[in-house]
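J.: Structure for the following, please:
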Amino acid sequence: MNRSATAGPMTIERDTRLAALINGNNQAGMLVLHKAMTMAIDKAQAAGFGIVGTNHTCTSTGALGYYAEQVARQGLIGIVFAQSPEFVAPHGSKQAIFGTNPIAIGIPAENSPVVMDMATAAYAWFGLLEAKTAGRPIPSDVALNADGQPTTDPSEVLKGGTIRVFDRSHKGSNLALMVELLAGPLVGAAVADKLEERNWGNLLLAVDPELLGDKDVIKARTQMVLNRVKAAEKLPGVSEILLPSERGNRAAAQHISSGMVPIEANLYQSLKVMASKADAGPGNRAAAAGSGCSNGMKLQTLLLHPVSSSVTDPYDASGAPLYQTATFGQPSATEGGPYDYTRSGNPTRTMLEEQWAVLEGGCRALAFTSGMAALAVVTRLVSTGGHIVAGDDIYGGTSRLLSQIVPAAGITVSNVDMTDINAVKAALIPGKTQLVMLESPTNPRMQVCDIRAIVAAAHAANALVCVDNSFLTPLYQQPLQLGADISMTSGTKYIGGHGDVTLGMLAVSDPELGKRLYFLQNAEGAGLAPMDCWLALRGLKTMALRMERSVANAEAMAQFLSTHPLVKKLNYASLPSHTGAAVHGSQATSGGAVLSFETGDLEVSRIIVEQTKLFKVTVSFGNVISLISLPCFMSHASIPAEVRAARGLPDDLVRISAGIEDAEDLVADLKAAMDLAWADKQQRMQQAAASSSNSSSSSAFDGPHSDIVNGTVAGSADIAAGGVKAAAAADVLLAAAHGREQELLQRIQQLESQLAGYNGQPTSVLLQ
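T.: From the prediction side, this is the model:
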């Protein structure tokens, strides 16, 4: 219940026979008010009167009628006041000074307590948020825009406007002021900049009617008044005169009997997330990849046994139910249920999002139609004139989004080397940079970025940080725990795992950020369809096993490639030789199941890719089947060649996504393809050497002038003539190209022996 990370134990600042003052110490307002209610009842029962104030709660308090009714059920009169942030303007003003400032009164009666619970504002602040999210107008006379003009657009009210008092007159304004004074300065709560100070106040009074006479007589007389009101002559068309709370009590009873309570969508989502973490304890949101999570369970277990979902399955099926529908029936013509239209929400999507939020250690997750749909929504957080800093080694689709789509909205983008924290800091423009986007490891060169350091630099410039965590997923790296604001995972990869569904996931730690992203998702129709959500939920069950096998296979292939003569550079984050190994080890628990390598020869790389039998040549990664590609011609082809070259992304780079096949079979298949590439390269070199021989003079060998530069033979005419010279050049070239120094030296000695005495003197071949 405590939403503040700094919440501490409540302290009693004052306590007398009749009164008390509680410092909530940043605990939630409802918890503190419950304590105040208990103390006030105890004092009233002992001395006839109890008054308790509260201050320093991290949230304002609602549902005051509940507390007033609980007091009244003890045979006492209950009066409750609550202060809230500056949302409401005094009558005749356009500046918000008051809160919605509710008041509740509970009075014992013979049948049951009568309770009045009302806000002094014409509309609820959360109602504005819900109306904006749903895209619906608000009533015409409840709020003003920033210019003081009436408006039905909730967005105008939220952007500097204000709510009016409940009766739009000085009477309502005066009542709001009284609540403000009683629940504000009287109890030590904030009196100015309440939203900034986050110090809300409450005041609760409990009075024993016997202070004024016989309790039973007073209850009987109270009931007489209530009966007179109920029996009052009705106007035409009025079927019943309702007492305070009577309408609400009947609606509540109806909902209880039906088994369903209609709740606004944002509140419903917040309650679900809160409930899912009720037993986790503060700050214990899956603190590290693979470590303890809810109820001490590992993430591998939570993939199969998610925490209780808000979606109830009456048949308790072992698999998630699929709600393959576009629309949902509503409780009545004027009331909305938790779901209405699948674009805005669907129970199957809710199950996926709730489970993913817990796995990420966040408060909310959102499922999108693809990873790019998710990232596109993230960029919508940046306003026109803003600035984005992104890596220079990123997925091709992300690069296309940032280079061709985002600038059209008046947003500038800087691509920098994210492995260089100084370059990142230099690219940040305080007051303008609003978003930093990165990958670690990067795609496809598997570079490692220091997520913690980048987050610190970005937050210092008031910029959000979004990490593409598709390579590792929360099983092996949790960006939110490293300080990132948004974690994006392309679920097409390891969540689905079988190459049969496309989706993207966003996870956040800040509820307000989650609301902004949901609004954009709903408004632009980017939510994941029910069937795809169902496939993703099925995929989650085996994700840990699949990734563990894939990672083991990637490690086996990395070991094989690390010693192969065709490989000029191997990129795999968990190799001890990787320049970012130390940073990677501090923020992740695995190198993942994707690796890449360079051969220095596009034709060699092409043959390797095309001649494998167990690797499917395709884009993407994270499949149960091993995948192989040349990214510059596939996933990163949308990046112009000159840009790829400037960023150090060579055409010959090969990317492998390890599947779950047998590791020995994968290595054997890769070796066979590389043997073919080796043979082809040898043949091409021999042909090149022969061509060089044919174009050279057959004159006498003049001495040691042979150089090997960048894998080619210079001065080969000086070695010898004819076939001996061609063979020598080819062998020297091959050996030098693959670093086989011992073989090269032995061959040179043989050639020197064959050519000894040529022109009367020995000959040497010098390698430079």
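
J.: helix or strand for the spatially most central residue of the chain, which one?
T.: Centroid check for the chain by Cα atoms, centre = their mean gives A507 as the closest residue, at 2.0 Å. Under the criterion of DSSP states H and E, A507 resides in strand 504-508.

J.: same question, F597
T.: Using DSSP H and E, F597 maps to strand 594-598.

J.: I'd like the mean pLDDT over that strand, please.
T.: Averaging pLDDT along strand 594-598 gives 97.

J.: just stretch 10-22 next, same as before
T.: Stretch 10-22 comes out at a mean pLDDT of 93.

J.: Start at 13, not 1
T.: Taking 13 as the first residue, the last one we looked at is stretch 22-34.

J.: Cross-check the contact I'm expecting between the residue nearest to the centre of the chain and E372.
T.: Yes: with contact defined as Cβ atoms under 8 Å, A519 counts as touching E372 (3.6 Å). Using the backbone N, CA and C atoms, a C-beta is placed for each residue, glycine as well.

J.: so what sits against both of the two?
T.: Residues touching both A519 and E372 (Cβ atoms under 8 Å, 6 or more residues apart in numbering) are 492, 499.

J.: so how many other residues sit close to P491?
T.: As a burial measure, P491 scores 30 neighbours (other Cβ atoms under 10 Å).

J.: my bad, should have said A58
T.: A58: 12 neighbours (other Cβ under 10 Å).

J.: now M42
T.: 19.

J.: what comes up buried for the host helix or strand of it?
T.: Using DSSP H and E, M42 sits within helix 41-59. Judged by neighbour count (16 or more other Cβ atoms under 10 Å), helix 41-59 contains these buried residues: 41-53, 55-56.

J.: that older thread, with just CA atoms, put the next helix or strand after the strand holding F609 into PDB.
T.: The C-terminal neighbour of strand 606-610 among helices and strands, as given by DSSP H and E, is helix 614-623. In PDB, the C-alpha atoms belonging to helix 614-623 read as follows (Å, rounded to 0.1, in the frame of the first residue of the first chain):
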ATOM      1  CA  LEU A 614      32.500 -10.900 -48.000                       C
ATOM      2  CA  GLU A 615      32.600 -13.900 -50.300                       C
ATOM      3  CA  VAL A 616      33.800 -16.100 -47.400                       C
ATOM      4  CA  SER A 617      31.000 -14.800 -45.200                       C
ATOM      5  CA  ARG A 618      28.500 -15.400 -48.000                       C
ATOM      6  CA  ILE A 619      29.500 -19.000 -48.400                       C
ATOM      7  CA  ILE A 620      29.400 -19.700 -44.700                       C
ATOM      8  CA  VAL A 621      25.900 -18.300 -44.400                       C
ATOM      9  CA  GLU A 622      24.600 -20.100 -47.500                       C
ATOM     10  CA  GLN A 623      26.300 -23.500 -47.000                       C
END
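
J.: can you list the residues that contact helix 614-623?
T.: Here helix 614-623 makes contact (Cβ under 8 Å, 6+ apart) with 578, 610-611, 627, 629, 640-642, 663-666, 682, 684-686, 688-690, 692-693, 696.

J.: In ChimeraX, select just the buried ones from those.
T.: Those of the contacts of helix 614-623 that count as buried under 16+ other Cβ under 10 Å are selected in ChimeraX with:
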select :578,610,611,627,640,641,642,663,664,665,666,682,685,686,688,689,690,692,693
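
J.: So which of the contacts of helix 614-623 sit within strands?
T.: Under the assignment DSSP state E, the contacts of helix 614-623 contribute 610, 629, 640-641, 666 to strands.

J.: Nearest to T410 among the residues you listed?
T.: T410 lies nearest to S641 out of those, by Cβ to Cβ, at 16.8 Å.

J.: Leaving out chain neighbours, which residue sits closest to that closest one?
T.: Spatial nearest neighbour of S641, chain neighbours left out: R667 (5.4 Å); criterion: Cβ to Cβ, 6 or more residues apart in numbering.

J.: Quick one, grab the pLDDT at that neighbour.
T.: 97.

J.: Next: R752.
T.: Per-residue pLDDT puts R752 at 47.

J.: Check F531 too.
T.: At F531, pLDDT is 95.

J.: Please verify my assumption that it contacts E142.
T.: No: under the criterion of Cβ under 8 Å, F531 is not in contact with E142, lying 10.9 Å apart.

J.: May I have the residues that are in contact with L33?
T.: So L33 contacts 24-27, 64-67, 199-200 (Cβ under 8 Å, 6+ apart).

J.: L484 too?
T.: If you count contacts by Cβ under 8 Å, 6+ apart, L484 has them with 301, 453, 600, 602, 604.

J.: try 10 Å
T.: 301, 452-453, 490-491, 501, 506, 559, 563, 585, 596, 599-606 (Cβ atoms under 10 Å, 6 or more residues apart in numbering).

J.: How about L518?
T.: By Cβ under 10 Å, 6+ apart, the neighbours of L518 are 365, 368-369, 372, 374, 376-380, 383, 385-387, 389-390, 478, 498-501, 525-526, 529-530, 533.

J.: give me that answer again for 6 Å
T.: Listed by Cβ atoms under 6 Å, 6 or more residues apart in numbering, the contact set of L518 reads 378, 386, 498, 500, 529.

J.: now, which of these lie within helices?
T.: 386, 529 (DSSP state H).

J.: Out of the contacts of L518, which end up buried?
T.: Buried by 16+ other Cβ under 10 Å: 378, 386, 498, 500, 529, out of the contacts of L518.

J.: May I see those organised as a markdown table, with distance to P102 added?
T.: Converted to a markdown table, those look like this (distance: Cβ to Cβ, whole Å):
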| residue | distance to P102 |
| --- | --- |
| L378 | 39 |
| A386 | 44 |
| I498 | 40 |
| M500 | 45 |
| L529 | 35 |
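
J.: hang on, the earlier thing: closest to R259 among the ones in strands among the contacts of helix 614-623?
T.: S641 (64.2 Å).

J.: remind me which residues of the protein are low pLDDT?
T.: For the chain, the stretches flagged by pLDDT under 70 are 13-18, 276-307, 707-780.

J.: hmm, back to that, show me what the helix or strand just after the helix holding M42 is packed against.
T.: Where DSSP H and E defines the elements, the next helix or strand beyond helix 41-59 is strand 61-69. Using 3 or more Cβ pairs under 6 Å, 6 or more residues apart in numbering; DSSP states H and E, the elements in contact with strand 61-69 are strand 31-35, helix 41-59, strand 212-219.
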